[in-house]
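S.K.: this is a predicted model, with the sequence first.
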Amino acid sequence: MRPITKIDIITRPEKLEDLKTAMNKIGVTGMTVTQVYGCGLTKGHTEVYRGQEYSVNLVPKVKIEIVVCEVPVEQVLEAAKKACHTGKIGDGKIFVYPITNAVRIRTGEEGDIAIIDPADMPK
Amino acid sequence: MRPITKIDIITRPEKLEDLKTAMNKIGVTGMTVTQVYGCGLTKGHTEVYRGQEYSVNLVPKVKIEIVVCEVPVEQVLEAAKKACHTGKIGDGKIFVYPITNAVRIRTGEEGDIAIIDPADMPK
Amino acid sequence: MRPITKIDIITRPEKLEDLKTAMNKIGVTGMTVTQVYGCGLTKGHTEVYRGQEYSVNLVPKVKIEIVVCEVPVEQVLEAAKKACHTGKIGDGKIFVYPITNAVRIRTGEEGDIAIIDPADMPK
Ligand SMILES: Nc1ncnc2c1ncn2[C@@H]1O[C@H](COP(=O)(O)OP(=O)(O)OP(=O)(O)O)[C@@H](O)[C@H]1O
Ligand SMILES: Nc1ncnc2c1ncn2[C@@H]1O[C@H](COP(=O)(O)OP(=O)(O)OP(=O)(O)O)[C@@H](O)[C@H]1O
Ligand SMILES: Nc1ncnc2c1ncn2[C@@H]1O[C@H](COP(=O)(O)OP(=O)(O)OP(=O)(O)O)[C@@H](O)[C@H]1O
Ligand SMILES: [Mg+2]
Ligand SMILES: [Mg+2]
Ligand SMILES: [Mg+2]
């Protein structure tokens, strides 16, 4: 089994569409989106969201979870950095984790083939 | 310390009750549920949710996180596959991760015993 | 690169403020908060939330995700245990994971320095 990796991207909600487009282009086949609150804890930073200033205290963010196998992790990082970058405080963070197994519930497939889009597999 | 494993199940919201029952039967002692949006990115798949057709674009799903130690991971996967299966596109995915430590806040217990239900432990 | 660790804390929503204060004191530079539902599955435990009794069945909880590098994991566990402890059923759980990489999107920094607050770095 080829290694499977999970990538969490925490970024501005208004960047979700660009991120989806970017992931689509590099062949990512699925993602899971959660509404979260980001909380910066230090040193009086502030962030602006929809014209309102937050004391970096529970600013609305989205978390995007992406599990990949064929698509190289570095390619996901590069594409995500580009899609989510504004250069202003609060652009977000990316975290990378090892995964030990994956299952596609519909078919029962386990391991790396559970991640690959069936439409991409040799017939 | 015996190994501790986290299992994320992303599935249809209407399967949550069946999944809870199935986990209960095999001795899983807790789970954490998050409302998420699933986003399939490729090839014009569509999914139906509550009679409405989605372009596999932010379909409501639930994510269930389950941490186990005594209950074998394979048993969780089998029970979850059975409980969440419909055979239609969008049944969901399961991801398995290694965990390095766990704590029960009420008692301060760390490691594998933080996962075991106290009611199951020898007196 | 020094090791990077993720810590998930699942606890009572009313403990979020105390937890933030505690994390701030030990130098944690960010956290991500998600509203979740905790689901205890066994043995007729009950939990009280805002005066209402729940059958440990989808009780509102918060999940706090904290990624650290410089701050020792044991210090986060100790501070979180103290901040979230009431001694009553349902105080919560902490889970610890290894992380293989991190990125700060604004600057493109990767690895341990993506976690450290720039204000803390030598100029
Ligand atoms: N150490 C951390 N642990 C968990 N989540 C974090 C951490 N740091 C940041 N986050 C999450 O990522 C979101 C975005 O972080 P942010 O972009 O502010 O990171 P940063 O390192 O402060 O970078 P910047 O200096 O550009 O603001 C936060 O709102 C929070 O949800
Ligand atoms: N690679 C992935 N990374 C992260 N989340 C994913 C991934 N693939 C699927 N998911 C999540 O799981 C949910 C259900 O996935 P889904 O059942 O559609 O998987 P699938 O592989 O497309 O299988 P099917 O062919 O049966 O539709 C998605 O809506 C999404 O939330
Ligand atoms: N094994 C588990 N897997 C995933 N999440 C869990 C697990 N156990 C607990 N949780 C999450 O943590 C929350 C709080 O758990 P809780 O404090 O009730 O743990 P506990 O072990 O039952 O301790 P206590 O005996 O003090 O109630 C739960 O509502 C659930 O969201
Ligand atoms: Mg910041
Ligand atoms: Mg699908
Ligand atoms: Mg409990």
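M.R.: Okay, I see it. Numbers count the residues shown, from 1 in each chain, chains lettered A, B, ... in the order given. Ligands and ions are numbered 1, 2, ... in the order given.

S.K.: contact residues of chain A facing chain B?
M.R.: With C-beta under 8 Å from any C-beta of the partner chain as the criterion, chain A meets chain B at residues A:4, A:6, A:20, A:23-24, A:27-34, A:67, A:97-106, A:108, A:110, A:114, A:117, A:119. Backbone N, C-alpha and C define where each C-beta goes, glycine included.

S.K.: show me those residues that map onto strands.
M.R.: Those of those mapping onto strands are A:4, A:6, A:30-34, A:67, A:97-99, A:101-104, per DSSP state E.

S.K.: indicate the residue of chain A located nearest to ligand 2.
M.R.: Ligand 2 sits closest to residue A:30 of chain A, with a gap of 2.4 Å, by C-beta to the nearest ligand atom.

S.K.: count of neighbours near residue A:78?
M.R.: Residues near residue A:78, counting by other C-beta atoms under 10 Å in any protein chain shown, number 15.

S.K.: got the contact list for it?
M.R.: By C-beta atoms under 8 Å, 6 or more residues apart in numbering or on different chains, the contact set of residue A:78 is empty.

S.K.: determine the longest helix present in chain A.
M.R.: With DSSP state H setting the assignment, residue counts place helix A:73-84 as the longest helix in chain A.

S.K.: and that one, how far out from the chain's middle?
M.R.: Centre-to-centre, helix A:73-84 and its host chain are 9 Å apart (C-alpha atoms, centre = their mean, to the nearest Å).

S.K.: pLDDT of that helix, averaged?
M.R.: Mean pLDDT, helix A:73-84: 98.

S.K.: in it, which residues are buried?
M.R.: Across helix A:73-84, burial judged by 16 or more other C-beta atoms under 10 Å in any protein chain shown covers A:73, A:76-77, A:79-81, A:83-84.

S.K.: would you turn the residues you listed into CSV with distance to residue B:59?
M.R.: Listed next are the buried residues of helix A:73-84 as CSV, based on distance: C-beta to C-beta, whole Å:
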residue, distance to residue B:59
A:73, 25
A:76, 21
A:77, 26
A:79, 23
A:80, 21
A:81, 27
A:83, 21
A:84, 22
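
S.K.: near chain C too, which of those?
M.R.: Among the buried residues of helix A:73-84, chain C is touched by A:73, A:77, A:80-81, A:84 when using C-beta under 8 Å from any C-beta.

S.K.: need the max-distance pair from the residues you listed.
M.R.: For these, the maximum inter-member distance is 16.1 Å, found between A:73 and A:84 (C-beta to C-beta).

S.K.: what is the burial count for whichever residue of chain A sits closest to ligand 3?
M.R.: Relative to ligand 3, the nearest point of chain A is residue A:34 (15.0 Å; C-beta to the nearest ligand atom). Residue A:34 is flanked by 21 other residues according to other C-beta under 10 Å.

S.K.: check contacts around residue A:87.
M.R.: The contact partners of residue A:87, by C-beta under 8 Å, 6+ apart, come to residue C:106.

S.K.: repeat that for 10 Å
M.R.: Neighbour list for residue A:87: C:105-107 [criterion: C-beta atoms under 10 Å, 6 or more residues apart in numbering or on different chains].

S.K.: also near chain C: which of the residues of chain A next to chain B, exactly?
M.R.: Contacts with chain C are made by A:6, A:34, A:97-98 out of the residues of chain A next to chain B, judged by C-beta under 10 Å from any C-beta of the partner chain.

S.K.: what's the farthest-apart pair in those residues?
M.R.: Spatially, the most separated pair among these is A:34 and A:98, at 20.5 Å (C-beta to C-beta).

S.K.: from residue A:76, how far out is the residue lying closest to residue A:39 once chain neighbours are set aside?
M.R.: Closest residue in space to residue A:39, ignoring its immediate chain neighbours: residue C:31 at 4.7 Å, by C-beta to C-beta, 6 or more residues apart in numbering or on different chains. Look at residue C:31 and residue A:76: by C-beta to C-beta, to the nearest Å, they are 23 Å apart.

S.K.: got a pLDDT number for the residue of chain A closest to ligand 2?
M.R.: Residue A:30 is assigned a pLDDT of 93 by the prediction.

S.K.: now it: closest residue in space, sequence neighbours ignored.
M.R.: Nearest residue to residue A:30, sequence neighbours excluded (C-beta to C-beta, 6+ apart): residue B:40, at 5.3 Å.
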